[in-house]
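Chemist: Pasted the sequence and its predicted model underneath.
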Amino acid sequence: MKEYLENVRKTVPLVHNITNYVTVNDVANALLACGGSPIMSDEAEDVEDITSICGGLNINIGTLHKTSIEGMFRAGRKAGELGHPVLLDPVGAGASALRTNTALGLMKELKLTVIRGNISEIKTLAAGTGTTKGVDADAADAVTEETLDQAVAFVKAFSKETGSIIAVTGAIDLVTDGEICYVIRNGRPEMGKITGTGCQLSGIMTAYVTANPEHPLEAAAAAVCVMGLAGEIGWSRMQEGDGNATYRNRIIDAIYHMTGEELEKGANYELR
Amino acid sequence: MKEYLENVRKTVPLVHNITNYVTVNDVANALLACGGSPIMSDEAEDVEDITSICGGLNINIGTLHKTSIEGMFRAGRKAGELGHPVLLDPVGAGASALRTNTALGLMKELKLTVIRGNISEIKTLAAGTGTTKGVDADAADAVTEETLDQAVAFVKAFSKETGSIIAVTGAIDLVTDGEICYVIRNGRPEMGKITGTGCQLSGIMTAYVTANPEHPLEAAAAAVCVMGLAGEIGWSRMQEGDGNATYRNRIIDAIYHMTGEELEKGANYELR
Amino acid sequence: MKEYLENVRKTVPLVHNITNYVTVNDVANALLACGGSPIMSDEAEDVEDITSICGGLNINIGTLHKTSIEGMFRAGRKAGELGHPVLLDPVGAGASALRTNTALGLMKELKLTVIRGNISEIKTLAAGTGTTKGVDADAADAVTEETLDQAVAFVKAFSKETGSIIAVTGAIDLVTDGEICYVIRNGRPEMGKITGTGCQLSGIMTAYVTANPEHPLEAAAAAVCVMGLAGEIGWSRMQEGDGNATYRNRIIDAIYHMTGEELEKGANYELR
């Protein structure tokens, strides 16, 4: 996985983010930490110019506004014309009709390189409808060792149907292009007590896919390993009294220092 | 106060936040730290669905937009129909006509379980008009040992008039349902040098009131003690050279680790 | 430079910020750290009231929305009527037509005390058009020891043309009123791996100019030295494994603790 990380550091991909205002600062710092360069713009009249100077586009619907929806479509179409990779993070799909419908509309209209979400969001998109508990996955949906075969089959089928790489993150992460599925077991459960680790991963994954245009599946899987491994490294540096705020910083710090060798050694995955 | 904290950790209340973009990330992490679960949504077409899957609603007018005002009313009415607790944080009421009038309009139209602000904001709402120095309380308004009797009488009367629990935070905090007033002396003056400790408290308080529906007054007071005590614990961990940025993290870390016993022991309050 | 810092701590200038949602929390905490007091408001109907209770106005176009553009003009005109200093941070001018044109429009319509940006942004404004690589300066534009004379002449001429203090920040910083140019060599290259150090500086600089109305040039230069020196002090506190997230906190912490003496001793500048 070494080379995918190194390509990001070498090429410093400029990533256009249309993202939510909750975790946007962490997304920017995580992108800088991994070796990319972030720019944020969601205004419909601004996005085409911005996307044109970037290498990839990250669309996150975490705090969806009617005014930014148009920006998502315009940026996505422009990115498509330019052949840029586009990632969709359907935050809260299933939690509201506006979110579900916007995500489905973006899937229909845009060429999405990757769709990355939790299992409940992805199931909602596959079903065309659904309900989720807010922005976290339903426990009933969780990918576990027991449900793994079924989950792998599901994401492969959804990837074939959509033509997008599907990345489902949770206790076990799945990344597939419909043929091969990376099953990844990096990360820590405590990452769920920090807002925005998923959003950060979407930003980083866009940088990885942008910097590795010949290997989008492998690059997307590498990004998942980077984030999970950073969660493990960050946790190992926690001291007495440190909680989720400090953990947030330590994870980004770990991304900042991660080397190709460290990733190679720490990435914990198998292919299915 | 032990049980109010433990009920939050046990029930993991999902809190819908319509809040400002300055401190929103800290509100989300503080909610996670205390044992709740945050979701943010302010788009008028999104808020009713989101509020419906949540347990409580936190409305904060810190960076008011005309487009989000409609979302506040729609979410608030829906929460009222569903019997969810609603908290209003009237940030900057008195600093602009738009803020004052929006806060007054929300008070008039919605059933507010709690109104939580600094003394200048609360005085503005009680008077129906006013001027404040930005988003901080005027020194002239401050609740001190000398003005305490008068302040307690004021908040009790305002609580009776509005039918809402009134929580005024500052050097001395007051939380009342019109009959009983908690006078709380936790916290540190240095918390005023961090943006958003008030916003964080509003998020946490919404989680506490949601998780303790039979005891909203006690739960609101417990949330104030949690925040103040976290400020004290966080401060005790400060090292040479640490300033307000690190203090911010240490406070959220302290919320994350706080136990019922710690709260019971550290809460510093009397009833009036 | 001592007195400019001390005047901020003494007078606690209230700064109205119309700024982007990426770095807004850091801007608020940096303003508190330096001794100022922040308030954020961008809604057109809110900004005139807010600016009226403040001492200075900081306009940053980092995530420009059509709805906030009107707020920028209305706040800027009101600040002009009241004789308040106004700072423009033209983030991403050159990266999109909307950003370039908005910045040029604000320059034309408002009396700007200071324009602070990176060299590519300032060159774009001087040319009336341009292209930049996202929100970072183009390497080709960089102010180096080799291009210094030319750069000083350029910023002096642009300052004379606009009637504004021009502050260009990068590896070498330039601050000029058209006659005198401060050439400042504080700071660390690693500050570029944190999002928002420029935005933070714009907030702090507005506080400095507001608190030192008789000496806007010197105050603006002092703010640049504060930020750069904080970057050096923060860096000296970095420990094994600390990355850009921790560095971000340490810089704000260093601003929080900085004394006049420390600034006097650490400020590294010459006059041209």
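Modeler: Arrived safely, thanks for sending.
Chemist: so what's residue A:128 closest to, chain neighbours aside?
Modeler: Counting by CB to CB, 6 or more residues apart in numbering or on different chains, residue A:128 lies nearest to residue A:104, which is 6.5 Å off, once chain neighbours are set aside. The way it works is simple: take the backbone N, C-alpha and C, and place the C-beta from them, glycine included.
Chemist: Name the residues of the stretch 151-272 of chain A found near chain C, please.
Modeler: A:237, A:248-257 (CB under 8 Å from any CB of the partner chain).
Chemist: hang on, the earlier thing: can you report how many residues lie near the residue nearest to residue A:128?
Modeler: Look at residue A:104: counted by other CB atoms under 10 Å in any protein chain shown, it has 16 neighbours.
Chemist: cool, residue A:137 as well?
Modeler: Neighbours of residue A:137 (other CB under 10 Å): 24.
Chemist: among the residues of the stretch 151-272 of chain A next to chain C, which ones are buried?
Modeler: Neighbour counting with 16 or more other CB atoms under 10 Å in any protein chain shown marks A:237, A:248-256 as buried within those.
Chemist: any idea how far residue B:53 is from residue A:136?
Modeler: In this view, residue A:136 and residue B:53 are 11 Å apart by CB to CB, to the nearest Å.
Chemist: neighbour-wise, which of the two wins?
Modeler: Higher neighbour count among residue A:136 and residue B:53: residue A:136, with 20 against 17, using other CB under 10 Å.
Chemist: now the residues of the stretch 151-272 of chain A next to chain C in JSON lines, with distance to residue A:110?
Modeler: JSON lines is the format used below for those (distance: CB to CB, whole Å):
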{"residue": "A:237", "distance to residue A:110": "39"}
{"residue": "A:248", "distance to residue A:110": "31"}
{"residue": "A:249", "distance to residue A:110": "34"}
{"residue": "A:250", "distance to residue A:110": "35"}
{"residue": "A:251", "distance to residue A:110": "30"}
{"residue": "A:252", "distance to residue A:110": "29"}
{"residue": "A:253", "distance to residue A:110": "34"}
{"residue": "A:254", "distance to residue A:110": "32"}
{"residue": "A:255", "distance to residue A:110": "28"}
{"residue": "A:256", "distance to residue A:110": "31"}
{"residue": "A:257", "distance to residue A:110": "35"}
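Chemist: Taking the residues you listed together, which two end up most distant?
Modeler: Greatest spatial distance among these (CB to CB): A:248 and A:257, at 15.7 Å.
Chemist: Which SSE is immediately downstream of the longest helix along chain A?
Modeler: Assignment by DSSP state H gives helix A:216-236 as the longest helix of chain A. Going down the chain from helix A:216-236, the next helix or strand is helix A:244-257, by DSSP states H and E.
Chemist: show me what contacts residue A:2?
Modeler: Residues in contact with residue A:2 (CB atoms under 8 Å, 6 or more residues apart in numbering or on different chains) are A:260-261, A:263-264.
Chemist: and the two most separated of those?
Modeler: Of all pairs in these, the most separated under CB to CB is A:261 and A:263 at 7.3 Å.
Chemist: Of these two, which one has the most company?
Modeler: More crowded of residue A:261 and residue A:263, by other CB under 10 Å: residue A:263, with 20 against 10.
Chemist: pretty sure that one contacts residue A:229?
Modeler: Yes. Using CB atoms under 8 Å, residue A:263 is in contact with residue A:229, at 6.4 Å.
Chemist: quick revisit: now, which of the contacts of residue A:2 sits nearest chain B?
Modeler: Closest approach between the contacts of residue A:2 and chain B, by CB to the nearest CB: residue A:263, at 26.8 Å.
Chemist: that's a helix at the closest one, yeah?
Modeler: Yes. Counting by DSSP: H, G, I helix; E, B strand; the rest coil, residue A:263 is part of a helix.
Chemist: List the residues that contact it.
Modeler: Applying CB under 8 Å, 6+ apart, we find residue A:263 in contact with A:1-2, A:5, A:222, A:225-226, A:229.
Chemist: Surely residue A:37 is in contact with residue A:15?
Modeler: Yes. Assessed by CB under 8 Å, residue A:37 is found in contact with residue A:15 at 7.0 Å.
Chemist: Overlap of the contact sets of those two?
Modeler: The contact sets of residue A:37 and residue A:15 overlap at residue A:31 (CB under 8 Å, 6+ apart).
Chemist: Look at the two and report which has more neighbours.
Modeler: Between residue A:37 and residue A:15, residue A:15 has the larger neighbour count (other CB under 10 Å), namely 32 against 21.
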